[in-house]
Structure formats: structure tokens, C-alpha cells
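[1] Need a 3D model of the following:
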Amino acid sequence: MKTQLPTAIIGGGPVALAAAAQLVKRNMPFVLFERGTHIASSVFSWKHVRMFSPWEFNIDTAAKELLLESGWQAPAKDHIPTGLELVNEYLLPLSQLKQLQPFIHLQSLVKAVYRKGFDKMKSAGRDLAAFIIEYEQNGMLLRKEASAVIDATGTWLTPNPMSTSGHPAEGESHNKNHIHYGIPDILGSAKERYAGKNIVVVGSGHSAIQSLTLLNELKLEIPETTIHWVLRKQKVSDAFGGGENDGLPARGALGTRANQYVQQGNVLVHTPFLIDQLKKESDILSLHGTKLDQPYSIDNIDEVIVATGARPDFSFLSELRYEADTAVESVPQLADLIDPNIHSCGTVRPHGEAELRQPEKDFYIVGSKSYGRAPTFLLATGYEQVRSVVAALAGDFLAAREVQLHLPETGVCSVSRPTEISDTSNSCCTSALNKMHIRPISATSINSGCCSSNHASI
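    Predicted structure coming up:
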């Protein structure tokens, strides 16, 4: 009976839909739960942001096969899409295919996953029991049985706070109406919120620099706009990344632009600033903490943009036997490959079902959630993960073990500013690509990829 049940996919983004496509190609039933009102709701929240990589690297192979069979016209492979284009031109048409659409449940928030008749403690016969997915839909708590579970919920909806402790800064939770986590639509729907205001961007990764780029364009139009950039790095140049040495030029250009903003005086840098308190008086904010072990503050703030990375949510998995690395919160076997504390520019080897396997049989954490708090996940990595996992669920262990993807350098690169690199042939951002003769693969979105700074820390 258990093998006749569908595989449950939790999440509705690119990796979740790729898992659905892989299951369809193997004629295996599935059911997919998306908490939003439409597919890929998390991607839609950064619809205004352009990705780093062209279409060629953003489409799963199984999904592409199904779409082409339906008469879908593939977008130009060298065009770099925005989040909105990713949804409208790829993910939405994929979700509407007759092989997928009937099995996708929107507005379905998964509250718990467990074994039928088993809590975490009970072992005998556990592997033979079906999974139960409890989910809330239109105010009702519903249940669905499944033979396997693929958790592709990502980390976008659980952003890190602004403080250096990992816990919210004092006053952060009480002033959320002045805080945006991620990349706001500064030149579009949120323009009035930021125009002519005193704004602080907290973070040192690509999301932070994306926000600085948008704010700089706003400042050119409305000079009264003041931009502060808060980092905890010792030098601001450490946040500029690999520049023109980056395998994805659009991403490398971000650091170059950030350097220009700082040099031109359009962005006021505060580093290393360790935030521990956010105060509010008469609708005006101030940030407090320490800089070089001395009290430090930024006053008269109107808005704060927090781009300090994200973390996985395990709350609905409490009765499953899963493992996560104690530091990175990734799938344990990936931790040493992606931990930014270990690697300056480490290569994450291609991996699949064997590395993702959990103590709970037929349960897998995939996609950016499998990387925990590490900032270097690649979208193509997720596609290879679910291809391998689905092959294993189908009993095709030979295919599950095959490596069908060559990954570029995906670790955290600590390099000098592009203008200061004297020998680019020895740069960590170029050497592996040159020696391995491999192509750069797509970044998952604005937050990841080869030769990046640590987006999860500031």
C-alpha cells in the first residue's frame, strides 16, 4: 500500500517543480504543497530583481522536456531573466501542464510531517509506515498520506536578523514596520517608502549590494536620499567579491558597482559595526552597538533593509528523524563542503541521494534548505539533487549514483578588489574553472553562486 501512495513535495519553487517533473517522467504519482496563493510565491517576492545567470542554466532538463512536448517556446538561452520572468515564462507554464496541475495544492501550509501511527521514539516497523502530511488550507486542517517526502521549502521565508548574535536585536521585532528583509522594490512599488529618506542597508552579500544598487539609482533621481551600509567585516573591500573574475559576469559586476558607490561617496560605510539594539523615538530610528569595541550608533534613520542571509525552518519536522549540521544547519554530509568558516573558495562536488539521505527512510531535504545557512547554493545543484533522489525512489540506484552535473567553484571567495588583483590566473575565482574546463552553472537567485561573499553574515 505504501508504494502506491504519492511522493509529497513540500514547496512550490524551481527545485520543487523540478522534483515534480522528474516524478512525472518516471510515471510516479506526486502531490505538491505550496503555501502561497500562486506557484513560486517566494520567487515572486523578488520579481523585480534580475538574476545573475541566463536562461540556459535556469531550466531543469526533465521540466524542459515536458514543456517542449506541450508546445512551449523556450526563452532565448542567453537572456538573463528577472524573478517575474522566471515565474511567468517557466515556472507558471510548468505548473499548468496537465501532468502537474491537478496535483498541486496552493494555499496549503504544511504544519507537520510524521509517520502514520508513529512518533519519533517508535522504531519497530517504522520504515513500512506511510508519511502523514498535515496542512492548513482555507482555515481547515487536512491530512494526506505519502510514500516519501521531499522537503524543498528553501530558506527565503526565514531571514536572519540584523544582529550579530543570530537572535533579533533588541527592538528589532517591535519595529518591523520600518524593516524590510531581502530586496525591496525600491524603484517600483516601494519607491515612496524610500525616496528622500535616511536608509540603512545591513549585510555584505549580493542581496545587500543589489539593494545598494537600487538605492543609488533612486539617489541619482532624488539626491536627498541618504544611504548607509552596515557590515561586520573588517574592510568594506572584502564585500566586493571577484569582480570581473567571477564566472557569472552579471554577479561580478555587483561588487564593482558597490566599490564605485563607496568611492563616489554615495554610500556611507559603517564597518565593522556590530548591531545589538534598534531604538525608536517619534517614528525615527537609531541603531546601536559597537565598532572596534567602542560604543557606536547611527541616528535619524527612517528605514532599514536587512539582507543578512536566511536559515532553514525545521519546526514542522519535529516528529521525523532528520539530521542537520550543528553549525551550518545543512544536510550533515554537505557541511564540510560548504561551510564558509572552512573554505575560502571550496568546490562543492556534485552530490545526490547518497549525500542527502536522512535517518528517516524516504525523507529528503533538498534545494537551498539542504545548504542550511550557507550562502552558496546553486539552482542547478538542486535540479541534480532531485534527479538523483527521484531515481533512488524509483529503485534506479545506478542512475541515482551517476554524476550528471559539473559544478564550478561555489565557496566563499576572499579576494582583493578587482583593481588590486595582480595575478588573476591564481585567483580562487578563476583557477578551478580554468583547470577543470567546466562551465559556470546558474545561481539559485540573487543570493548564491560562485565566488560570492558570505551572504549569511554581515
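[2] the helices in the stretch 301-450 of the chain, which residues?
    Applying DSSP state H, counting those that start in this stretch to the stretch 301-450 of the chain gives helices spanning 335-338, 353-356, 379-393, 397-401, 431-436.
[3] Can you lay out those helices as TSV showing distance to residue 11?
    To be clear about C-beta, it is placed using only N, CA and C from the backbone, and glycine gets the same treatment. Shown next, in TSV, are these (distance: least, C-beta to C-beta, whole Å):
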stretch	distance to residue 11
helix 335-338	20
helix 353-356	15
helix 379-393	11
helix 397-401	21
helix 431-436	31
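[4] Out of the ones you listed, which is the most enclosed?
    Mean neighbour count (mean count of other C-beta atoms under 10 Å) peaks for helix 379-393 among those, with a mean of 26.
[5] Put the alpha carbons of that helix into PDB.
    Provided in PDB are the C-alpha atoms of helix 379-393 (Å, rounded to 0.1, in the frame of the first residue of the first chain):
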ATOM      1  CA  LEU A 379      19.900  26.300  -8.700                       C
ATOM      2  CA  ALA A 380      21.500  23.600 -10.900                       C
ATOM      3  CA  THR A 381      22.600  21.800  -7.800                       C
ATOM      4  CA  GLY A 382      19.000  21.500  -6.700                       C
ATOM      5  CA  TYR A 383      18.000  20.100 -10.100                       C
ATOM      6  CA  GLU A 384      20.700  17.400  -9.900                       C
ATOM      7  CA  GLN A 385      19.700  16.600  -6.300                       C
ATOM      8  CA  VAL A 386      16.100  15.900  -7.100                       C
ATOM      9  CA  ARG A 387      17.000  13.900 -10.300                       C
ATOM     10  CA  SER A 388      19.100  11.600  -8.100                       C
ATOM     11  CA  VAL A 389      16.600  11.400  -5.300                       C
ATOM     12  CA  VAL A 390      13.700  10.500  -7.600                       C
ATOM     13  CA  ALA A 391      15.900   7.900  -9.300                       C
ATOM     14  CA  ALA A 392      16.500   6.300  -5.900                       C
ATOM     15  CA  LEU A 393      12.800   6.400  -5.000                       C
END
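[6] Okay, and residue 31 sits in which element?
    Assigned by DSSP states H and E, residue 31 belongs to strand 30-33.
[7] what's the offset of that strand from the middle of its chain?
    The chain centroid and the centroid of strand 30-33 are separated by 21 Å under C-alpha atoms, centre = their mean, to the nearest Å.
[8] Residue 220: neighbouring residues, count only.
    Neighbour count of residue 220, defined by other C-beta atoms under 10 Å: 10.
[9] What are the buried residues along whatever helix or strand it lives in?
    For residue 220, the host element (DSSP H and E) is helix 206-221. In terms of neighbour count (16 or more other C-beta atoms under 10 Å), helix 206-221 has its buried residues at 206-216, 218-219.
[10] So, low pLDDT: which residues of the chain?
    1-3, 238-253, 255, 343-349, 406-458 (pLDDT under 70).
[11] re earlier: so which of the helices of the stretch 301-450 of the chain is nearest residue 264?
    helix 431-436 (31.4 Å; C-beta to C-beta).
[12] Distance check, the residue most central in space within the chain against residue 107.
    Against the mean C-alpha coordinate of the chain, by C-alpha atoms, centre = their mean, the closest residue is residue 368 at 5.3 Å. Counting by C-beta to C-beta, to the nearest Å, the separation of residue 368 from residue 107 is 22 Å.
[13] ok, so of the buried residues of helix 206-221, who is nearest residue 16?
    residue 207 (21.5 Å).
[14] now the strands: where do they sit in the stretch 201-350 of the chain?
    Here the stretch 201-350 of the chain has its strands, by DSSP state E, counting those that start in this stretch, at 226-230, 267-270, 273-281, 284-291, 294-301, 303-306.
[15] Over to the residue with the largest distance to the centre of the chain: give its phi and psi.
    Each residue of the chain has a distance to the centre, and by C-alpha atoms, centre = their mean the biggest one is for residue 124: 37.1 Å. Backbone torsions for residue 124, taken as degrees, to the nearest 10, come to phi -60, psi 120.
[16] I'd assumed residue 279 was in contact with residue 286.
    Yes. Counting by C-beta atoms under 8 Å, residue 286 touches residue 279, with 4.8 Å between them.
[17] Quick check: buried residues in stretch 141-155?
    Going by neighbour count (16+ other C-beta under 10 Å), the buried part of stretch 141-155 is 144, 145, 146, 147, 148, 149, 150, 151, 152, 153, 154, 155.
[18] How about stretch 259-276?
    259, 261-262, 266-267, 269-276.
[19] quick check, nearest of the buried residues of helix 206-221 to residue 320?
    Closest to residue 320, out of all of those and judged by C-beta to C-beta, is residue 207, at 30.5 Å.
[20] How about the closest one, nearest residue that isn't a chain neighbour?
    Leaving out its chain neighbours, the residue that sits closest to residue 207 by C-beta to C-beta, 6 or more residues apart in numbering is residue 307, at 3.8 Å.
[21] and the one you found, what does it touch?
    With contact set as C-beta atoms under 8 Å, 6 or more residues apart in numbering, residue 307 has these partners: 181, 182, 183, 201, 202, 203, 205, 207, 208, 210, 211, 455.
[22] what's the closest of the residues you listed to residue 118?
    Once C-beta to C-beta is applied, the member of these that ends up nearest residue 118 is residue 181, at 36.3 Å.
[23] From residue 109, how far out is the closest one?
    19 Å.
[24] Going by neighbour count, list what's buried in the strand or helix carrying residue 135.
    Following DSSP H and E, one finds residue 135 within strand 131-137. By neighbour count with 16+ other C-beta under 10 Å, strand 131-137 contains the buried residues 131, 132, 133, 135.
[25] now stretch 312-323
    Those would be 312, 314, 316, 317, 320, 321, 322, for stretch 312-323 by 16+ other C-beta under 10 Å.
[26] Spatially nearest residue to the fifth one, not counting backbone neighbours?
    Which is residue 320. Distance criterion C-beta to C-beta, 6+ apart; nearest residue to residue 320, sequence neighbours excluded, is residue 360 at 4.8 Å.
[27] now swap in the last one and tell me
    Residue nearest to residue 322 in three dimensions, not counting chain neighbours: residue 358, with 5.1 Å by C-beta to C-beta, 6+ apart.
[28] go on, residue 200?
    Per C-beta to C-beta, 6+ apart, closest to residue 200 is residue 228, 4.4 Å.
[29] list the contacts for that neighbour?
    Taking C-beta under 8 Å, 6+ apart, one finds 198, 199, 200, 201, 267, 268, 269, 270, 298, 301 in contact with residue 228.
[30] beta partners of it?
    Beta-bridge pairing for residue 228 (DSSP bridges): residue 200, residue 268.
[31] Give me the distance between it and residue 180.
    15 Å.
[32] coming back round to it: same drill for residue 181 and residue 109, tell me which one is more crowded.
    The neighbour comparison of residue 181 against residue 109 (other C-beta under 10 Å) goes to residue 181, with 23 against 15.
[33] Many thanks, we can stop here.
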